[in-house]
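Chemist: Predicted coordinates and the sequence they were generated for:
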Amino acid sequence: MGSQHPELMIRTLIRIFQTTIISVFIFSTVSAQRSAGGLPYSFTHEVNRQAIEQVTLKAPDYELLKRQDDSTSNMGIAQRMGICLSTELTIENSGTYTEIRPGRRIWQLSVHVDDAIALGLYYKDFNLAFDDSLFIYSDDKSHLIGAFTSENNNKNRVFATEPVKGETIILELSENTLTPEGSNFMISEVLVVYQQMPFPFNGISATSRNTESTKGDSEECEVSTVCPEGDDWRDQINGVVRIMIKNGNTAYWCTGSVMNNTALDFSPLILTADHCALSNGRYASQWDRNLWIFFFRHEATTCEDDTPSGTRSLTGCVKLASSTPLGNDGSDFYLVQLKEDIPNSYNPFFQGWSASDELSNTGVTIHHPAGDVKKISTYNTPLEYSQWGDTPQTHLMVQWSATTNGHGVTEGGSSGCPLFNASKRIIGQLTGGESDCSYLAGYDHFGRIYYSWDKNGENDTLRLQPWLDPLNSGLRVLDGSYNTKTAIAQFVANQTTIPVGSYITFNDLSINNPTQWEWIFEGGSPSSAQSRQPGLIYYDRLGNYDVTLVVSNEFGTDSLYLEDYIRVVPAIYPNPTRNNVFILFGNDENEHEITITNVAGKLISNFTVPGDTGSYEFSFLPYSSGIYIIKVKSNQKEEQYKIVYTPL
């Protein structure tokens, strides 16, 4: 194989086209994928769990799958972590409805596969109505994702939700029944994760196949990017993503890089390896790519602990270019563009690159081995030219070095990860090799940016140059940068706790000159606005309400979501009073328990006001002057007011 060391030929073939471990791992937070956050109704209210319909799918033969994986591990076939089971589950033909109040109901469905490590969902005909929200959570409620809303709809009407831990997951859709056209979707496939992996929660695993652990699924010699080895590469670490690839009925992991371009327009370009899109001789279709999930900030919390924190993700991409027609003889690159801009809140670093004909003496790779949290591997010996097929110098060969906290190598799931030179620019992406924790001296091979730039073919779909240099500037070297031009959403309200029946003014404080605004006011009237200053927003219902602002300019889109930002409480007047007080509940259907005591704590009165009663009048005439405490309890929330009574 050209310049590859002869004694390493056998080991290299063992890892030919090493790509993926599809052990699907997810973090325990409500904002994993781009979502609105919040909690399902059932997390704060009593719901009869026994009444929820459960759909049980036949579990695959895990042992057979693993024997097949073992038998093909030396044949250049992607190592599976899970497979998809076909379904046709819809809101109409499955699940259980529960009315929770006039105009609002929840739909719940439990999906179960025996001994699954985690379950992911792929959807067709996905269309959520405005004011509806979808959550997915584990049976023990320790792992929650969502809320997904109409903001997640797309013209292809397809969607994917990342796997949730355990053999049983629950979908919960909160519906506004007054909406003319309700939500609709079909769960077309359930991804069954069967490869072992840890989950970031403190407790006993939901399955006997997954023991409690804070270590990831990668090998022991790997070095976390949180360790000091990553200190000089913090920006570059922020530009590496984990990719959950779907190809037919199989899924697996690869690693990719967010790429800068000469237009500096911060297009969401991701570079990975061509073989990441190939499984069993079949390339992923555009339908598959619509369902790829890209994970940002999937890092550990400490150097010793692989528990991830702060992961974010986006779904769907389109292919721009690859080395596909050349197969093993090319530089093994695959460039896609995400279907939406990367939010600034994800803190993405747009990687610099070098397409010059150069070698480097030192550098690193940053990767997600076995789909684990980010790891860093270091080289301190000069790179060499190599090849993967018959064409010389398509690749760079690297040998990894020991560092303070380990001896980083690469594994399945690392495929497509970037190779950085001493100038912190990407010069290649991983094809494969023979390094592992049992063979630390093994060599790995990275397809060269130099070759991918313009040497795989004449068509734009075979080259990086048209996409990374859209200005046709002739530059072959570009530094990385953060997107400092996109609009950044910021706002403030003139008050955040108000008596029911009041107005609030919101002021846009967004920076970098946004040109479009989209406000969403939960519980407010109007419930949305599209101008910079939305005017007065009226709140006539008790409760805590979210506010969201999405801003855009020519460089991208950003959003700010503040959960329970507005607090609407009962109104009591007049205060002081010479006679009666009025307690206003607004448009609220809940019962209200009223307790009145004097300042010494002696009970004066205790009564319940029925739901849908907009107000209640209480007379202090029988009582002496002084200070009284009125407590109003509604829907498990209590407010307390101090009233001064001075009779005539």
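Modeler: Everything's here; your move.

Chemist: tell me which residues in stretch 90-105 are buried?
Modeler: Neighbour counts over stretch 90-105 (16 or more other CB atoms under 10 Å) mark T90, I91, S94, G95, T98, R104, R105 as buried. For every residue, glycine as well, the C-beta is placed using N, CA and C.

Chemist: Stretch 581-592 too?
Modeler: V581, I583, L584, F585, G586, D588, N590, H592.

Chemist: With stretch 257-275 instead?
Modeler: 257-261, 265-275.

Chemist: now, which of the buried residues of stretch 581-592 lie within strands?
Modeler: V581, I583, L584, H592 (DSSP state E).

Chemist: And the first one, how far from S502?
Modeler: In this structure, V581 and S502 are 18 Å apart, going by CB to CB, to the nearest Å.

Chemist: quick check: domain ranges of the chain?
Modeler: According to automatic domain parsing, the chain is divided into the following domains: 16-212+239-338, 491-569, 571-645.

Chemist: Note down every partner strand of the biggest strand by length in the chain and its orientation.
Modeler: Identified as the longest strand of the chain according to DSSP E is strand 556-569. The strands beside strand 556-569 in its sheet (DSSP bridges) come out as strand 497-499 (parallel), strand 543-553 (antiparallel).

Chemist: For V190, find the nearest of the ones you listed.
Modeler: Nearest of these to V190, taken as CB to CB: strand 543-553 at 30.1 Å.

Chemist: Quick check: mean pLDDT of the longest strand of the chain?
Modeler: The average pLDDT for strand 556-569 rounds to 89.

Chemist: Flag every buried residue along it.
Modeler: Neighbour-count burial for strand 556-569 flags 556-563, 565-569 (criterion: 16+ other CB under 10 Å).

Chemist: repeat for stretch 458-467
Modeler: Buried residues in stretch 458-467, counted by 16+ other CB under 10 Å: L462, R463, L464, Q465, P466, W467.

Chemist: ok, which stretches of the stretch 51-200 of the chain are strands?
Modeler: Along the stretch 51-200 of the chain, counting by DSSP state E, counting those that start in this stretch, strands occupy 54-57, 82-90, 96-101, 104-113, 118-127, 133-138, 144-148, 159-165, 168-176, 184-193.

Chemist: Okay, and the beta partners of the nearest residue to Q516 once chain neighbours are set aside?
Modeler: Computed as CB to CB, 6 or more residues apart in numbering, the closest residue to Q516 that is not its neighbour in sequence is S552, at 4.3 Å. Judged by DSSP bridges, the bridge partners of S552 are Q516, T557.

Chemist: same question, G432
Modeler: The partner residues for G432, given DSSP bridges, come to H445.

Chemist: So what's the residue count around it?
Modeler: Close neighbours of G432, defined as other CB atoms under 10 Å, add up to 26.

Chemist: do E88 as well
Modeler: Applying other CB under 10 Å, we find 10 residues neighbouring E88.

Chemist: wait, what's in contact with the nearest residue to D546 once chain neighbours are set aside?
Modeler: Of all residues not flanking D546 in the chain, E522 sits nearest, at 4.5 Å (CB to CB, 6+ apart). By CB atoms under 8 Å, 6 or more residues apart in numbering, E522 lies in contact with Y545, D546, V547, I566.

Chemist: how near is the third one to T44?
Modeler: It refers to V547. Using CB to CB, we find V547 at a distance of 19 Å from T44.

Chemist: More neighbours: which of the two?
Modeler: Set side by side, V547 and T44 show more neighbours around V547, with 23 against 10, by other CB under 10 Å.

Chemist: for the stretch 251-400 of the chain, which spans come out with low pLDDT?
Modeler: Along the stretch 251-400 of the chain, the model assigns pLDDT under 70 to residues 326-327.

Chemist: repeat that with 90
Modeler: Judged against pLDDT under 90, the low-scoring parts of the stretch 251-400 of the chain cover residues 252-253, 279-282, 301, 304-312, 324-329, 343-345, 358, 370-372, 389-390.

Chemist: Okay, helices next: where are they in it?
Modeler: 286-289 (DSSP state H, counting those that start in this stretch).

Chemist: quick one, phi/psi of the nearest residue to R463 once chain neighbours are set aside?
Modeler: The shortest distance from R463 to any non-neighbouring residue, by CB to CB, 6+ apart, is to D454 (5.0 Å). With angles defined as degrees, to the nearest 10, D454 sits at phi -160, psi 20.

Chemist: Is R104 bridged to anything, and to what?
Modeler: R101, N176.

Chemist: any idea how far it is from D436?
Modeler: Using CB to CB, R104 is found at 54 Å from D436.

Chemist: which ones are touching W453?
Modeler: Neighbours of W453 in contact, by CB under 8 Å, 6+ apart: A355, R463, L464, Q465, L468, R476.

Chemist: circling back: deepest of the domains of the chain, which one?
Modeler: Of the domains of the chain, the one with the most neighbours on average (mean count of other CB atoms under 10 Å) is domain 16-212+239-338, at a mean of 20.

Chemist: Do me a favour and get the end-to-end distance for stretch 339-356?
Modeler: End-to-end distance for stretch 339-356, by CA to CA, to the nearest Å: 30 Å.

Chemist: List the buried residues in it.
Modeler: By neighbour count with 16+ other CB under 10 Å, stretch 339-356 contains the buried residues 339, 341-355.

Chemist: Among the residues you listed, which ones are in strands?
Modeler: Among those, the ones falling in strands (DSSP E) are F349, F350, W353, S354.

Chemist: before we move on, back to that, following the longest strand of the chain, which helix or strand shows up next?
Modeler: Moving toward the C-terminus from strand 556-569, the next helix or strand (DSSP states H and E) is strand 571-573.

Chemist: Which strands or helices does that next one pack on?
Modeler: In this structure, strand 571-573 makes packing contacts with strand 580-584, judged by 3 or more CB pairs under 8 Å, 6 or more residues apart in numbering; DSSP states H and E.

Chemist: got the angle for the strand it packs on vs strand 556-569?
Modeler: 150 degrees (axes from the mean of the first three to the mean of the last three CA atoms, to 10 degrees).

Chemist: Who does strand 580-584 pair with, and is each partner parallel or antiparallel?
Modeler: strand 571-573 (antiparallel), strand 615-619 (antiparallel).

Chemist: Identify the residues contacting the first one?
Modeler: Spelled out, it's strand 571-573. For strand 571-573, contacts defined as CB under 8 Å, 6+ apart pick out P499, V500, G501, S502, V581, F582, I583, L584, G586, I630, Y641, I643.

Chemist: cool, stretch 219-236 as well?
Modeler: Applying CB under 8 Å, 6+ apart, the contact partners of stretch 219-236 are 237, 299-303, 306, 349, 351, 364, 366, 369-370, 372-378, 403-409, 411, 418, 420, 424, 436-437, 440, 480, 482.

Chemist: ok, 7 Å please
Modeler: Stretch 219-236 has contacts (CB atoms under 7 Å, 6 or more residues apart in numbering) with 237, 299-300, 302-303, 306, 349, 351, 364, 366, 369, 373-376, 378, 403-409, 411, 420, 424, 436-437, 440, 480.

Chemist: tell me which residues of that stretch are tucked away?
Modeler: 219, 221-227, 229-230, 233, 235-236.

Chemist: Farthest-apart pair in those, please.
Modeler: Between all members of these, the farthest pair (by CB to CB) comes out as E219 and D235, at 26.4 Å.

Chemist: first to last residue in stretch 64-80, what's the distance?
Modeler: Start and end residues of stretch 64-80 are separated by 12 Å (CA to CA).

Chemist: Now it: average pLDDT?
Modeler: 65.

Chemist: In contact with the nearest residue to E99 once chain neighbours are set aside: list those residues for me.
Modeler: Nearest-residue entry for E99: R105, 4.9 Å, with adjacent residues in sequence omitted and distances by CB to CB, 6+ apart. Contacts of R105 were listed using CB under 7 Å, 6+ apart, and they are Y97, T98, E99, E175, T177.

Chemist: Local confidence estimate at the third one?
Modeler: Reading off the confidence values, E99 has pLDDT 93.

Chemist: F25 too?
Modeler: Note for F25: predicted pLDDT of 31.

Chemist: And stretch 509-516, end to end?
Modeler: End-to-end distance of stretch 509-516 (CA to CA): 13 Å.
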